[in-house]
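In: Could you look at this predicted model? Sequence included:
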Amino acid sequence: MAKSIDVSNVNIYYGDFKAVEDVSMTIKARSVTAFIGPSGCGKSTFLRTLNRMHEVIPGAHVEGEVLLGGEDIYAANVDPVQVRRRVGMVFQRPNPFPTMSIYDNVLAGNRLNSKKLKKADADAIVEKALTGANLWNEVKDRLGKPGMGLSGGQQQRLCIARAIAVEPQVLLMDEPCSALDPISTSAVEDLIHELKSDYTIVIVTHNMQQAARVSEYTGFFNLKAAGQPGHLVEFNKTTKMFSTPEQESTEAYISGRFG
Amino acid sequence: MTATTAEKMTETPSNRLGDRIFSGLALAAGLSILVALTGVFAFLLIRGWQGLSQDASFYDAPRANDFLHYVWPLVFGTVYAAVIALVIAVPLSIGIALVISHYAPRRLATPIAYVIDLLAAVPSVVFGLWGILVFAPAMVPTYGWLDDHLGFIPLFAGNEGGGVNPVGRTILTAGIVLAIMVLPIITSITREIFAQTPRLHQEAALALGATRWEMIRYAVFPYARSGMVSAVMLGLGRALGETMAVAMVLSAGKSLVTFNLLGNESSTTIAANIASNYKEGTPGKVAVLIATGLVLFVLTFVVNFLARLIVARAERNTTR
């Protein structure tokens, strides 16, 4: 189910502007890979190329090869819709569908994939996904209430439940905790720990402690200079990255020294 | 020192003045709408009151001997023409708005939007002229075909002895011309709202593997729902009240209650009836016409009110 991702020589553009240059890496299945780096270095942009969400922006395009379990997701005959059904995504700000109940929010992806769901199957999926997202006990008595009525942290876990309800091969998280308080953050981090036994998880974070806490591998992105494209400086085991990084600029960034 | 600070804390005259002027202006603008509305209503009530109970000769005797019998076919015609217009215009407008906001590349979307807005600037007399001189005759073969093949449906039955209106000046023609007239209003409002759908919600749907249409159903329509109803209401308001185009397309003097879309005989609308009879009216007749205007006013008001009620109820059900 969980698949690895092989990225080779990827360049990412917004129109004519090259935002990210020449990234190659291998993301292992059933592990957590974190991307860190200063704002504007292209780590979120790179994340969005892994499920072809980047091209939703007019003019945006990608060069290079991204293999998901050996299949090139940028091959000419690949439908981006199918890619996104396999690669789930959680966004920076919780975004449950405002007019849907908690129950319908969880099932939103499943209803896209297979139009008809038996009531019993649907109930089972909802319970499994919400349990998987550590939210079941908090919401089981009010599944029919709108998702927007939950707290920010609960909404974010609802979005995670929605993403895992379709059992994706990879789960992408774009700064999933940046809008959450410390308690909700810790709930989401615990969840990431549990989810990695089933899913390949890629997380972008501004918080280096978070990267150190949750990930096994870390990629450090940086800009060569202002106006230049971002690039991958170093990709390594998280333990090595935070103790003895190979690149000087990685060490400078991690220890809080710049320039 | 302390005195000046205290003074500054309690009042800042220059800011206050600007604030007060602005809030006064806003209040005045708001009130003027109420005043205008009450004024119109008072006029209709005072001048139309006697029209409600006149001698039978002032109505359309022998077809109608009192006000209710006189106004009922007109109310029917007004609502029927407006419904035909909306049935055609609403799906078309929403489709066009979606093309502009979500489907077409920007290079194409901007000119389409511009052309639609231009349509709103065409005077209704011009639509009326085009309706009689070009559109109605051009539709006659189509109407004939509809009558031949779908004539078993009462809507398309045509005249009693067979055949359809030979010049094409039917209620369906009026409805289609009305549809073209309300199209720009509905399109431009819904387009604005569709374009304002939060990116976050659209990406939520796309990231789950929604196709573009699924994304629109999941994210755009729920967000735009109340705005879409407002747009349709504005379109309906125009369709109910539109005068010239209908008066020109439909020949005056008839007032029947019939669902038949293609026949010679059809109902006309309140507004068109006023426009075509006002000039040659005696004071008594004019009072009757103003009374029908009062009915139109109340009709529009009730329709709007009901629509708001429906939207409010739908919103409450989903947010609780």
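Out: Arrived safely.
In: For burial, what's the neighbour tally of residue 119?
Out: I'll assume chain A. A:Lys119 has 7 neighbouring residues, counting by other Cβ atoms under 10 Å in any protein chain shown. C-beta: built from backbone N, CA, C; applies to glycine.
In: Can you look at chain B instead?
Out: By the criterion of other Cβ under 10 Å, B:Leu119 has 15 neighbours.
In: The nearest residue to it once chain neighbours are set aside: neighbour count?
Out: Sequence neighbours aside, B:Pro184 is the residue nearest to B:Leu119 in space, at 4.5 Å (criterion: Cβ to Cβ, 6 or more residues apart in numbering or on different chains). For B:Pro184, the neighbour count with other Cβ under 10 Å is 23.
In: A:Ala34 belongs to a strand?
Out: Yes. Judged by DSSP: H, G, I helix; E, B strand; the rest coil, A:Ala34 forms part of a strand.
In: show me the contacts for it.
Out: A:Ala34 is in contact with A:Val202, A:Ile203, A:Val204, A:Thr205, A:Gln210, A:Ala211, A:Val214, A:Ser215, A:Tyr217, A:Thr218, A:Gly219, A:Thr238, counting by Cβ atoms under 8 Å, 6 or more residues apart in numbering or on different chains.
In: Give me the distance from the particular helix or strand that has the fifth one in it to the chain's centre.
Out: When you say that, I think you mean A:Gln210. Following DSSP states H and E, one finds A:Gln210 within helix A:208-214. Relative to its parent chain, helix A:208-214 has a centroid offset of 15 Å by Cα atoms, centre = their mean, to the nearest Å.
In: cool, and stretch B:109-122?
Out: For stretch B:109-122, the separation from the chain centroid amounts to 18 Å (computed by Cα atoms, centre = their mean).
In: For it, C-alpha coordinates in CSV please.
Out: Taking Å, rounded to 0.1, in the frame of the first residue of the first chain, the C-alpha atoms of stretch B:109-122 are listed here in CSV:
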residue,chain,number,x,y,z
ALA,B,109,-12.5,34.3,-20.1
THR,B,110,-12.0,38.1,-20.1
PRO,B,111,-13.5,38.7,-23.5
ILE,B,112,-16.4,36.4,-22.9
ALA,B,113,-17.1,38.2,-19.6
TYR,B,114,-16.9,41.5,-21.4
VAL,B,115,-19.4,40.5,-24.1
ILE,B,116,-21.9,39.2,-21.5
ASP,B,117,-21.6,42.5,-19.7
LEU,B,118,-22.3,44.4,-23.0
LEU,B,119,-25.4,42.4,-23.4
ALA,B,120,-26.7,44.0,-20.2
ALA,B,121,-26.2,47.5,-21.8
VAL,B,122,-28.6,46.8,-24.7
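In: Near the closest residue to B:Ala82 other than its chain neighbours, how many residues? Count them for me, please.
Out: Nearest non-adjacent residue to B:Ala82, counting by Cβ to Cβ, 6+ apart: B:Ala239, 3.9 Å away. B:Ala239 has 27 neighbours, counted by other Cβ under 10 Å.
In: buried stuff in the helix or strand where B:Ala239 lies?
Out: Under the criterion of DSSP H and E, B:Ala239 resides in helix B:221-241. Of the residues in helix B:221-241, those buried by neighbour count under the rule 16 or more other Cβ atoms under 10 Å in any protein chain shown are B:222-225, B:227-228, B:230-233, B:235-241.
In: I'd like to know how far the spatially most central residue of chain A sits from B:Leu236.
Out: Closest to where the C-alpha atoms of chain A average out (Cα atoms, centre = their mean) is A:Leu172, at 1.7 Å. Computed as Cβ to Cβ, to the nearest Å, the A:Leu172 to B:Leu236 distance reads 45 Å.
In: part of a strand, is A:Tyr13?
Out: Yes. With three-state DSSP as the criterion, A:Tyr13 is part of a strand.
In: What separation is there between it and A:Glu63?
Out: For A:Tyr13, the distance to A:Glu63 equals 7 Å [Cβ to Cβ].
In: between those two, who's got more neighbours?
Out: In this view A:Tyr13 and A:Glu63 are compared by other Cβ under 10 Å, and A:Tyr13 has more residues nearby, 18 against 12.
In: Chain neighbours aside, what residue packs nearest to that one?
Out: In space, and not counting its chain neighbours, A:Tyr13 is closest to A:His61: 5.3 Å by Cβ to Cβ, 6+ apart.
In: what's near enough to touch that neighbour?
Out: Applying Cβ under 8 Å, 6+ apart, we find A:His61 in contact with A:Ile12, A:Tyr13, A:His54, A:Glu55.
In: interface residues of the stretch 151-300 of chain B facing chain A?
Out: By the rule Cβ under 8 Å from any Cβ of the partner chain, the part of the stretch 151-300 of chain B lying against chain A is B:200-201, B:203-211, B:214, B:218-219, B:222-223, B:225.
In: Which ones among those residues lie within helices?
Out: Using DSSP state H, the subset of those located in helices is B:Leu200, B:His201, B:Glu203, B:Ala204, B:Ala205, B:Leu206, B:Ala207, B:Glu214, B:Pro222, B:Tyr223, B:Arg225.
In: In a markdown table: these, plus pLDDT.
Out: Conversion of those to a markdown table gives the following (pLDDT from 0 to 100):
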| residue | pLDDT |
| --- | --- |
| B:Leu200 | 90 |
| B:His201 | 91 |
| B:Glu203 | 92 |
| B:Ala204 | 92 |
| B:Ala205 | 93 |
| B:Leu206 | 92 |
| B:Ala207 | 92 |
| B:Glu214 | 91 |
| B:Pro222 | 89 |
| B:Tyr223 | 89 |
| B:Arg225 | 86 |
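In: ok, which pair from these is furthest apart?
Out: Maximum pairwise distance among these (Cβ to Cβ): 22.5 Å, between B:Ala207 and B:Arg225.
In: What segments of the chain are helices?
Out: Unless you meant another one, I'm taking chain A. Under DSSP H, chain A gives helices at A:43-49, A:80-86, A:102-113, A:119-132, A:136-139, A:152-164, A:182-195, A:208-214, A:238-243, A:248-254.
In: right idea, wrong chain: chain B
Out: Counting by DSSP H, chain B has helices at residues B:2-10, B:13-48, B:67-98, B:106-120, B:124-130, B:136-150, B:171-195, B:199-207, B:212-215, B:221-241, B:244-249, B:270-277, B:283-319.
In: which non-adjacent residue is nearest residue 139?
Out: The chain I'm using is chain A. Nearest non-adjacent residue to A:Val139, counting by Cβ to Cβ, 6+ apart: A:Ile102, 5.4 Å away.
In: try chain B instead
Out: Residue nearest to B:Met139 in three dimensions, not counting chain neighbours: B:Gly168, with 4.7 Å by Cβ to Cβ, 6+ apart.
In: which residues does that neighbour contact?
Out: Applying Cβ under 8 Å, 6+ apart, the residues near B:Gly168 are B:Phe135, B:Ala136, B:Pro137, B:Ala138, B:Met139, B:Val140, B:Tyr143.
In: if I pick the third one, what's in contact with it?
Out: In other words, B:Pro137. Residues in contact with B:Pro137 (Cβ under 8 Å, 6+ apart) are B:Val167, B:Gly168.
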